[in-house]
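S.K.: I'd like to go over a predicted model; first the sequence, then the structure.
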Amino acid sequence: MSIQERVLTGDRITGKLHLGHYVGSLQNRLRLQEQYETFILLADVQALTTHFDKPKVISDNLRNVALDYLSVELDPNKSTIYIQSMIPEIAELTVYFSMFVTVNSLRHNPTIKTEAMERGYTDMYYGFLGYPVSQAADMAICKATLIPVGEDQIPHIEHARKIVRRFNDLYAPVLVEPKALVGQRLEGLDGNSKMSKSMGNAIFLDSSPEEVQQQMKRAKTDPGRVHKHDPGNPDICTIYAYHEAFRPDECSEIREGCKRGTIGCAACKQQVTAAIHELLEPIREKRSYYEQRPDVINEILAEGTKRTQKIAKSTMDEVREAMGINY
Ligand code: SF4
């Protein structure tokens, strides 16, 4: 990795962020903002692809997600936080890209297929089917080189790379092919899938200590372990996955204790719950600081958006010139 990397990350703003986001992406962003120029996108347009009939969910959550960013200490002096819909150049570039992206390439995108199935779509909305094109425009508009993503997003990065390559071949090499940086995946409390708001298996970053305590009661342990001294299997236990994520240094001890039956599930759960409390406490404090200062948040978003608008304008000047439509 060279020092010239430019990082782009972001979130669909359909709800507050949770521990899955923290482990899978926010931790990476905290590290990356110290090394590289970082852009963070509040993806309100992309949220509309599934919430076009509930726009209030999006406007209500815009500041919630910004608050989540600031409360985990993403630093607006190091990370440019901006609002997608306020960069109209992204929509324009999406249109130009869509001229040479085939419908079949989108239909065969494995993430689109899975999401469409999960949502029970028998037909796909044009905006939903095309959101990988819009994501490619998000990346290309700010010439991002490095995109921290979950594993399920890898097909979108591959698609974006193909789109940029095709554009550069067709017109002129003005856009940059991004690379994926894959983050860790955190399973949900139910142990069956990744942590997600829509699956109802998440612990949110603003959860109170009581809520965390309550939610952790639901976390799955090895069901074969009936008595305290029965040997257990940490590899099928959600609590163990949380030890790996939040207490990595103590993992081997927990693993041994579980396999030998020398640690009980209640004590094991309590230890990782305490680690989660410890992680969330300063996040809650920081959140409350910013909650009382809405003007500061507005200023951060306005500043980040203004900065990105300048970059987007400059990229589109190059794009139009490359395409010969710079009248
Ligand atoms: Fe899971 Fe811990 Fe119980 Fe083992 S001891 S099954 S790791 S909760």
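M.R.: Yes, it's here. Numbers count the residues shown, from 1 in each chain.
S.K.: Can you pull out the residues in contact with whichever helix or strand Glu210 is part of?
M.R.: According to DSSP states H and E, Glu210 maps onto helix 209-216. The contact list for helix 209-216 (CB atoms under 8 Å, 6 or more residues apart in numbering) reads Leu189, Ile203, Phe204, Ser207, Lys269, Val272, Thr273, Ile276, His277, Leu280, Glu281. Quick note: C-beta positions are derived from backbone N, CA and C, even for glycine.
S.K.: residues near the third one, how many?
M.R.: I take that to be Phe204. For Phe204, the count of nearby residues is 20 (other CB atoms under 10 Å).
S.K.: ditto for the fifth one
M.R.: Counted by other CB under 10 Å, the residues lying close to Lys269 total 19.
S.K.: and the gap between the nearest residue to it once chain neighbours are set aside and His18?
M.R.: Spatial nearest neighbour of Lys269, excluding adjacent residues (CB to CB, 6 or more residues apart in numbering): Ile239 at 5.3 Å. Going from Ile239 to His18 by CB to CB, to the nearest Å gives 17 Å.
S.K.: most distant residue from the middle of the protein?
M.R.: The centre of the chain is farthest from one residue, His229, which by CA atoms, centre = their mean lies 39.5 Å away.
S.K.: so how far is the ligand from Cys251?
M.R.: To the ligand, Cys251 is 10 Å away according to CB to the nearest ligand atom, to the nearest Å.
S.K.: So what does Ile194 look like in phi/psi?
M.R.: Not Ile; residue 194 is Lys. With angles defined as degrees, to the nearest 10, Lys194 sits at phi -70, psi 160.
S.K.: The closest residue in space to Tyr121 that isn't next to it in sequence - how many residues pack around it?
M.R.: The shortest distance from Tyr121 to any non-neighbouring residue, by CB to CB, 6+ apart, is to Phe128 (7.4 Å). Residues lying near Phe128 (other CB under 10 Å) number 19.
S.K.: now the one 5 residues further on
M.R.: In terms of burial, Val133 registers 24 neighbours under the definition other CB under 10 Å.
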